[in-house]
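Visitor: sequence and predicted model, in that order:
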Amino acid sequence: MPAAPRPQGLRVGRVWGIPIYVTWSALFTVVLFATYPVARLQGDGAAHGRALVVGVLFAVLIYLSILMHEIAHAWTARRVGLPVFSVTLGMLGGVTATRRADRPGPDFAVAAAGPAATIVVAVLAAVGAHLFAGGEPGLLLTELALSNALVAVYNLLPGLPLDGGTMLAAVVWAVTGSDARGRLVAGWVGRVVALATMAAPFLLAARAHTSPNVVLVAVFVLIGITLWGGSSAAVAQGRMGDVSAARLAHPARAVAYGAVLASVGGGLAGAERLVVCGPDGRVLGLVSSAALAAVPAPRWADVRVETVARQLDPGLVVSADAGPHDLAAVLGAHPATEYLVTGPDAAVVGVLDAAEVATRLGLRRPAAAAGAGSLPR
């Protein structure tokens, strides 16, 4: 299976052993929630101060709600036997890093758990608002209930990358037997949702015969752009069909550690890729075509293969049965030019070319791999 993605942001704690991260972009959302009530007030400094406190509390409660949403995903993933690597809270919500299931049922259950938790938070906040009606706590809980209700409804829209899109993809997968077809359908619906999201502030303003709110437009356009990127990636993955890393891998030629480049036989034949193996047959590193091409032919008899190889870190190993979604996650978490594909018992299946996979997935071409170079002697 693919390696665990590398989370971004500041680690703030653990829940059930799962590390929780918060990105710096989340501060933008906190500031927005905290200052918006102040901007709307006309009054003395004391009123502004109270509004700021309420805004900060609201921002904190919103992120706690998002954390509950993601923890529900994580808990359900573990219940169905999937590993959970981390939870990250960012500007537009949260992400639970886990592996996709190999069946539609668990995929549906993990996706549905998040909105279900959000609905529970909305109901509890509504009950609290009723109990504390008439004061600032009641107002705060009312806003929290409404916000969570809106998030739950929006997140259930049947388009990827929303949870509702994952649920739709799982249903199509169950009906047709094709994971790729499910992602293709949910990806196209996700594009429609993205466009509707960007158009929403303008439509609401037109209906109310007012000018669109600039802040609202900026937020909705940002959300729409993010959704468009996720849905377009899902469409590209769906178009690939039910492929696996094994089907995309190039044949691998093993060369012993310490051998000179001349032993490669003048270059790689056709689609071949080069792997450097130790005395026990274990793969130690990968050699890219670009690294070989950078060595002048007259020096091939003097240059050893390990000097142009990249060390095989755990993040560069991909399971033969990894699908498009898993491959996209690996490319994003561990940028490199090549990845080793292994089968049962760590047997070498081949080597993935990152640029080719990114093109097939409709992703941005990966940057040059950092840390490429010679293996330790």
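Guide: Ah, there it is.
Visitor: now the strands for the stretch 51-200 of the chain?
Guide: With DSSP state E, counting those that start in this stretch as the criterion, the stretch 51-200 of the chain has strands at 84-90, 93-98.
Visitor: export those strands to a markdown table and tack on mean pLDDT, mean neighbour count and distance to A180?
Guide: For glycine as for every other residue, the C-beta is placed from the backbone atoms N, C-alpha and C. Converted to a markdown table, these look like this (pLDDT from 0 to 100; neighbours: other CB atoms under 10 Å; distance: least, CB to CB, whole Å):
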| stretch | mean pLDDT | mean neighbour count | distance to A180 |
| --- | --- | --- | --- |
| strand 84-90 | 90 | 22 | 24 |
| strand 93-98 | 89 | 22 | 20 |
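Visitor: now do the host helix or strand of L292, average pLDDT.
Guide: Assessed by DSSP states H and E, L292 sits inside helix 289-293. Average pLDDT, helix 289-293: 81.
Visitor: also stretch 257-277?
Guide: Rounded mean pLDDT across stretch 257-277 is 77.
Visitor: and that stretch, end to end?
Guide: 6 Å (CA to CA, to the nearest Å).
Visitor: shift numbering so it begins at 155
Guide: All right, first residue 155 from here; so that's stretch 411-431.
Visitor: quick one: the helices in this structure?
Guide: 180-194, 199-233, 258-285, 290-309, 317-330, 333-362, 368-393, 399-402, 443-447, 478-487, 508-515 (DSSP state H).
Visitor: least confident of those helices, on average?
Guide: helix 180-194 - the lowest mean pLDDT of the helices of the chain, at a mean of 66.
Visitor: apart from its chain neighbours, what residue comes closest to L415?
Guide: Using CB to CB, 6 or more residues apart in numbering and skipping the chain neighbours, the partner closest in space to L415 is W454 (4.0 Å).
Visitor: state the distance from that neighbour to A287.
Guide: 81 Å (CB to CB, to the nearest Å).
Visitor: more neighbours, the two?
Guide: W454 (17 against 12; other CB atoms under 10 Å).
Visitor: in this structure W342 contacts A390, no?
Guide: No: using CB atoms under 8 Å, W342 is not in contact with A390, being 11.4 Å away.
Visitor: quick one: which of these two has more around it?
Guide: Between W342 and A390, A390 has the larger neighbour count (other CB under 10 Å), namely 20 against 16.
Visitor: dig out what C431 forms beta bridges with.
Guide: Beta bridges link C431 to A410, V437, judged by DSSP bridges.
Visitor: ok, it to F212 distance?
Guide: 58 Å.
Visitor: neighbour count winner among those two?
Guide: Set C431 next to F212 and count neighbours by other CB under 10 Å: F212 wins out with 21 against 18.
Visitor: how near is that one to F182?
Guide: F212 is 15 Å from F182, by CB to CB.
Visitor: same check, this time on L322
Guide: Taking CB to CB, one finds L322 at 30 Å from F182.
Visitor: likewise F356?
Guide: 23 Å.
Visitor: and S365, by the same measure?
Guide: 24 Å.
Visitor: need the CA coordinates for stretch 309-328. CSV is fine.
Guide: The C-alpha trace of stretch 309-328 is given here as CSV (Å, rounded to 0.1, in the frame of the first residue of the first chain):
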residue,chain,number,x,y,z
ASN,A,309,-20.8,18.6,2.5
LEU,A,310,-23.5,16.0,1.5
LEU,A,311,-23.7,17.4,-2.0
PRO,A,312,-22.9,14.5,-4.3
GLY,A,313,-19.7,15.8,-5.9
LEU,A,314,-16.1,15.0,-5.2
PRO,A,315,-14.1,16.0,-3.3
LEU,A,316,-17.0,16.5,-0.8
ASP,A,317,-18.0,13.7,1.4
GLY,A,318,-21.3,13.4,-0.5
GLY,A,319,-19.2,12.9,-3.7
THR,A,320,-17.3,10.0,-2.1
MET,A,321,-20.6,8.5,-1.0
LEU,A,322,-22.0,8.9,-4.6
ALA,A,323,-18.8,7.3,-6.0
ALA,A,324,-19.2,4.4,-3.7
VAL,A,325,-22.8,3.8,-4.7
VAL,A,326,-21.8,3.9,-8.4
TRP,A,327,-18.9,1.6,-7.7
ALA,A,328,-21.3,-0.9,-5.9
